[in-house]
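1. Generate a structure from the sequence data that follows.
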Amino acid sequence: MSNVDLEKIRITNLRKFAIKESLDRLEAELPGFQPEEIVASICAYEEELNIGGVLEKMPATIDGKPYTTLVVVDGGTDRTAEVARSFPGVVVIEFPVNLGHGVALQVTYRYCIDHGVKYAVTLDADGQNDPAEMPNLLAPLINDTADFVLTSRVLGEDKTSDTMRKTGVRFFSIVMNRMVGAKLTDTSTGYRGLRVTMLADVIDRLQQSQYQTAELLIVCLKRGWRPAEVPTVWYPRASGTTKKGKNWLFGFRYARVVFGTWWRER
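-> Predicted coordinates for the structure are as follows:
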């Protein structure tokens with residue numbers, strides 16, 4: 001076995017250990033807890049200044065339906081987990097180290113699968129998404145007209161000022177549509193509604209520790225699950241700066257995930 005293979009095994013085992021530790025802590029904090037059929041998941045990395053504002057905006061119900069708010073804290077050294085735990089009813093999975101946004105999402109999906117959740121919503125921890133839009137986001141799932149619902153800044157309104165990012169949203173949508181034969185306007189959004197039976201079908205095919213939005217979408221579409229879009233208003237970050245890196249670096253890494261996933265799933 002090569003040194004590269006041994007390193008991959010070491011990293012995989014360390015990741016499994018960190019995830020198990022975080023889930024064991026959750027079980028100790030909330031023994032036997034069973035989430036509602038709808039889970040709204042917020043993956044957060046060093047967002048102590050923003051997570052409270054997002055949680056304050058979470059509605060009591062979604063169109064009269066109860067739901068569970070889950071915050072997956074992806075390591076970090078600030079008070080994100082402490083702030084999230086200060087909100088009654090919020091469930092917190094806290095990684096002991098930073099594992100990556102894609103890993104945090106995969107843990108969310110597996111948690112929903114293992115606990116019999118029916119629908120999952122993922123939204124950002126930085127204040128760019130409005131939780132009041134969740135009923136509109138879930139409607140196609142509940143009405144059984146879609147399995148994967150994306151919010152679209154193109155159909156709605158993008159209030160951010162980064163023209164390069166806006167151009168990137170449209171560019172990657174064109175590229176991914178041609179790859180998978182879809183007609184979507186915003187394939188880069190992390191504000192999504194997901195049928196959990198779909199997640200159960202694709203979870204073992206997900207590999208990305210970062211930029212998993214594109215990977216999940218391509219895998220789901222390649223396996224025949226039904227997409228839909230709803231308009232959204234996309235706001236600037238409430239505070240701080242993006243963790244995605246400079247535009248050119250984010251674009252390069254995102255493109256690598258897009259083409260790599262398409263090649264793997266073709």
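2. per-residue pLDDT, Pro59?
-> You'll see Pro59 listed with a pLDDT of 96.
3. Do I have it right that it meets Leu138?
-> No - at 11.9 Å, Pro59 and Leu138 do not qualify as touching, with contact defined as CB atoms under 8 Å. No exception for glycine: its C-beta is placed from N, CA and C like everyone else's.
4. the more surrounded of those two?
-> The neighbour count for Pro59 versus Leu138, taken as other CB atoms under 10 Å, is higher for Leu138 (23 against 13).
5. so that one, which of the three states?
-> helix (DSSP: H, G, I helix; E, B strand; the rest coil).
6. Just give the closest residue to it, not the sequence neighbours.
-> Gly193 (5.1 Å; CB to CB, 6 or more residues apart in numbering).
7. The one helix or strand the one you found maps to: how far from the chain's middle?
-> Under the criterion of DSSP states H and E, Gly193 resides in strand 192-195. Averaged C-alpha coordinates place strand 192-195 at 10 Å from its chain's average position (CA atoms, centre = their mean, to the nearest Å).
8. Helix or strand next in line after it, which one?
-> That would be, after strand 192-195 and using DSSP H and E, helix 196-202.
9. tell me which strands and helices that following helix is in contact with?
-> Using 3 or more CB pairs under 8 Å, 6 or more residues apart in numbering; DSSP states H and E, the elements in contact with helix 196-202 are helix 101-114, strand 119-124, helix 212-222.
10. quick one on the thing from earlier: dump the residue contacts of the residue nearest to Leu138.
-> Tyr119, Ala120, Val121, Met134, Leu137, Leu138, Pro140, Leu141, Phe148, Val149 (CB atoms under 8 Å, 6 or more residues apart in numbering).
11. if you set the cut-off to 6 Å instead, what comes out?
-> Gly193 is in contact with Val121, Leu137, Leu138, Leu141, Val149, counting by CB atoms under 6 Å, 6 or more residues apart in numbering.
12. And the third one, how far from Ala200?
-> Distance, Leu138 to Ala200, by CB to CB, to the nearest Å: 18 Å.
13. for the second one, same thing?
-> When distance is defined by CB to CB, Leu137 is 20 Å away from Ala200.
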